[in-house]
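Model the following, please.
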Amino acid sequence: MSKLRNMRSALATVLAAAMFTVSMPVGIVRAEMVKTDRIIERMEVDARRAEIAAFVARADVRERIAALGVAPDEASMRVASLSDAEVLQVAQEIENLPAGQAGGVSLVVILLLIIIVILLV
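Take a look at the predicted model:
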């Protein structure tokens with residue numbers, strides 16, 4: 001009988017501890033709806049960032065960056081750390097480059113813009 005009482009007491013203690021643990025407040029969770037335009041904006045910024053990274057990865061651009069005294073790998077790392085507004089600004093400048101003609105001057109301007117943004121960050 002004493003053995004049964006000890007088992008009941010141990011079982012009651014374990015169950016009380018389990019109930020106490022389960023009933024503790026975990027924390028407040030807040031969920032919000034994400035608007036479609038915010039998702040589209042994020043996707044656009046990510047796509048623009050990829051375009052800039054591809055532009056900086058080009059061999060001719062890497063040569064120009066090195067000629068201007070910036071390590072191409074550092075430029076690539078800095079492109080990854082640009083803010084969203086900076087990414088959109090640089091991507092717009094790249095988009096405005098002429099296709100195939102007199103691109104040298106525009107390339108230098110874009111590179112200087114990227115380097116200025118890099119140095120400001």
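
Outside of stretch 41-58 itself, list whatever touches it.
Residues external to stretch 41-58 that are found in contact with it (CB atoms under 8 Å, 6 or more residues apart in numbering): 61-62, 65, 72, 75-76, 79-80, 82, 84, 87-88, 90-91, 94, 110, 114. Every residue, glycine included, has its C-beta placed from N, CA and C.

Buried among the residues you listed? Need that as a selection in PyMOL.
Entered in PyMOL, the line below selects the buried ones among those, by 16 or more other CB atoms under 10 Å:
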select buried, resi 61+62+65+72+75+79+82+87+88+90+91+94+110+114
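
Inside helices: which ones of the contacts of stretch 41-58?
Residues from the contacts of stretch 41-58 lying in helices, with DSSP state H as the criterion: 61-62, 65, 72, 75-76, 79-80, 84, 87-88, 90-91, 94, 110, 114.

Which two of these have the greatest separation?
Within the ones in helices among the contacts of stretch 41-58, two members stand farthest from each other by CB to CB: 62 and 84, at 24.6 Å.

show me where pLDDT drops low in the chain?
1, 26, 97-109, 111-112, 116-121 (pLDDT under 70).

and if we set it to 50?
Counting by pLDDT under 50, the ranges of the chain that qualify are 102.

and residue 68, what are its phi and psi?
Main-chain dihedrals, residue 68, degrees, to the nearest 10: phi -80, psi 0.

no wait, residue 69
phi 90, psi 20.
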